[in-house]
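**Q** Here is a sequence together with a model predicted from it:
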Amino acid sequence: MKKILLAAALFLLFLVIFPKNSFAQSPLNCGLLSEPCCNLAGSSPNSCQTGLTCSGGKCVALPGTTNPPRRGTITPITTASPTDGCPDGESINTAIGCIPVGNTNAFIGFILRWAIGVGGGIAFLLILYAGFMIMTSSGNPDRLKAGQELMTSAIAGIIMLIFSVFILRVIGVNILGIFK
């Protein structure tokens with residue numbers, strides 16, 4: 001179980017560190033060392049380089065040009081800044097969305113939303129595992145009891161997650177008056 005949680009944490013860390021555009025791929029080639037394909041599903045009408053046009057699914061030189069780009073030439077890839085794609089300009093664009101770093105309250109809200117989502121996912125997986133333990137106990141009272149306790153704990157955890165926002169609002173805002 002520890003290995004699964006560690007792998008999930010590393011995967012989430014990977015998603016936060018590397019932005020969405022780091023997974024972009026180069027255009028497809030129609031054949032070995034041939035011109036890039038164009039007019040594929042989802043591509044723009046003319047997805048060829050400058051000086052080329054789409055003809056028969058391949059990028060070919062424009063009529064009247066004598067020096068088309070050579071095969072295998074490297075075209076520079078433009079990199080986006082971390083704030084590209086975010087509407088406010090102060091957030092960092094990552095694979096899990098725009099993380100608001102300019103506003104402390106928005107940042108904490110973002111972290112809490114993700115923490116509640118991850119906690120709910122873990123509780124769901126624990127409920128599935130507890131059901132598996134109960135179903136495969138085959139009369140072993142210790143394994144049956146362990147599965148029932150795990151199921152009870154996971155359901156209690158989900159209930160606490162569901163009511164956590166309500167509890168924080170009642171205690172923090174109504175009783176203590178933190179955000180007034």
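**A** Thanks, I have the structure now.

**Q** What are the structural domain limits within this structure?
**A** By the assignment in automatic domain parsing, the chain contains the domains 26-78, 93-175.

**Q** Select the longest helix from this protein.
**A** Longest helix in the chain, counting residues (DSSP state H): helix 104-135.

**Q** Tell me which helix or strand comes right after that helix.
**A** helix 141-168 (DSSP states H and E).

**Q** Can you spell out which helices and strands pack onto that next one?
**A** Applying 3 or more C-beta pairs under 8 Å, 6 or more residues apart in numbering; DSSP states H and E, we find helix 141-168 packed against helix 104-135. For every residue, glycine as well, the C-beta is placed using N, CA and C.

**Q** Which of the residues in the helix it packs on are classified as buried?
**A** Residues of helix 104-135 classed as buried by neighbour count (16 or more other C-beta atoms under 10 Å): 106, 110, 122, 123, 126, 127, 130, 133, 134.

**Q** now do stretch 151-170
**A** With the criterion 16+ other C-beta under 10 Å, stretch 151-170 contains buried residues 151, 154, 157, 158, 161.

**Q** any idea of the pLDDT on residue 149?
**A** For residue 149, the pLDDT comes out at 96.

**Q** err, residue 137, not the other one
**A** Reading off the model, residue 137 has pLDDT 92.

**Q** Residue 148 is in contact with that one, correct?
**A** No. Between residue 137 and residue 148 there is no contact under C-beta atoms under 8 Å: 9.5 Å.

**Q** Any regions of the protein where pLDDT drops low?
**A** Scanning the chain for pLDDT under 70 picks out the ranges 1-2, 12-84, 179-180.

**Q** if we go to 80?
**A** 1-89, 165, 177-180 (pLDDT under 80).

**Q** hmm, back to that, helices or strands next to the longest helix of the chain in the packing?
**A** The contact analysis (3+ C-beta pairs under 8 Å, 6+ apart) places helix 104-135 against strand 97-100, helix 141-168.

**Q** Could you figure out how far the longest one is turned away from helix 104-135?
**A** On the basis of axes from the mean of the first three to the mean of the last three C-alpha atoms, to 10 degrees, helix 141-168 is oriented at 160 degrees to helix 104-135.

**Q** Residue 93 belongs to a helix, doesn't it?
**A** No. Using DSSP: H, G, I helix; E, B strand; the rest coil, the assignment for residue 93 is strand, not a helix.
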